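*Asks:* Requesting a structural model of the entry that follows:
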Amino acid sequence: MSRLLLNCDIGESFGSWTMGLDAEVMPFIDCANIACGFHAGDPSIMRKTVSLALSHGVQIGAHPAYQDLVGFGRRSMAYATQELQDILHYQIGALDGICRAQGGRVSYVKPHGAMYNDMMANPAQLRAVLQAVASYDRSLPLMLMATKDNSAAQQLGDEYGVTLWFEAFADRAYDSAGRLVSRQTPGAVHHDPEHIIEQALTIARGDPLTAIDGSALHLQANTLCVHGDNAHSVAAVQHIREALNRQTAS
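*Replies:* Now for the predicted structure:
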């Protein structure tokens, strides 16, 4: 079994306003998706978060977003292709500079919020994002959502020579196509810790999940998204980490 990487959105504080338990969750994750200032974060927060990740040997990922601090990057915005690529280069480059000043580097890219959702829904936007990553540094993997059929996205990644890391979620329900069920739908978010851990292990083994309609759903994933928003979520991440370590060792 290949190792399933745990990734977490992090560095989302701003000024004197604190969000998330970054120091508490960092020891249990493999990849830190660090906000680049457009939806959250600022230069000082970015520096502190990079330092924290480096001290724990955690891979640093750029977490770029639409320029939407008020909406936390969760609102779709209309960008021309070149504008989208410009804001991606601006944010990746900013975080990369802060990393290099501390002896590190950005090692992958995971778009945030509406940008992430839009690129998954719109092949033209995914192409634009891939172009931006490839022109900045073709060696940087792009993280995107695993679905029932990753082949179309994989074909685009291959076209641009960009490695794709497919991402799954342990605390969310899926539909039969492998899309996340809307949070407005009952049962869309799992709250039972045992259920969350079991879903993480199922994904790690490559076994089928049960979609919300009862059908079997296979997800081929490289990484699992976890959360460090509060003490309960950090504890869940710790339990997932321990369970994955036991499974890998067995």
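*Asks:* show me the contacts for residue 161.
*Replies:* 134, 138 (C-beta atoms under 8 Å, 6 or more residues apart in numbering). (C-beta placed from N, C-alpha, C; glycine too.)
*Asks:* Find me the pLDDT at it, would you?
*Replies:* pLDDT for residue 161: 98.
*Asks:* mind checking how far it is from residue 63?
*Replies:* 22 Å (C-beta to C-beta, to the nearest Å).
*Asks:* what's the neighbour count on residue 155?
*Replies:* 10 (other C-beta atoms under 10 Å).
*Asks:* Please report phi then psi for it.
*Replies:* Main-chain torsions, residue 155, degrees, to the nearest 10: phi -60, psi -40.
*Asks:* Can we start the residue count at 12 from this point?
*Replies:* Renumbered: residue one is now 12, and that last one reads residue 166.
*Asks:* measure it to residue 152 for me?
*Replies:* Relative to residue 152, and taking C-beta to C-beta, residue 166 is found at 16 Å.
*Asks:* what's the answer for residue 58, then?
*Replies:* In terms of C-beta to C-beta, residue 58 sits 24 Å off from residue 152.
*Asks:* same check, this time on residue 110
*Replies:* Going from residue 110 to residue 152 by C-beta to C-beta gives 16 Å.
*Asks:* Quick check: which element contains residue 96?
*Replies:* Element membership of residue 96, judged by DSSP states H and E, is helix 92-112.
*Asks:* buried sites along that helix?
*Replies:* 95, 96, 98, 99, 102, 103, 105, 106, 107, 109, 110 (16 or more other C-beta atoms under 10 Å).
*Asks:* Next up, the contacts around the third one.
*Replies:* Spelled out, that is residue 98. By C-beta under 8 Å, 6+ apart, the neighbours of residue 98 are 49, 75, 77, 78, 90.
*Asks:* any idea how far it lies from residue 174?
*Replies:* 22 Å.
*Asks:* beta partners of residue 178?
*Replies:* In this entry, residue 178 is beta-bridged to residue 156, residue 234, by DSSP bridges.
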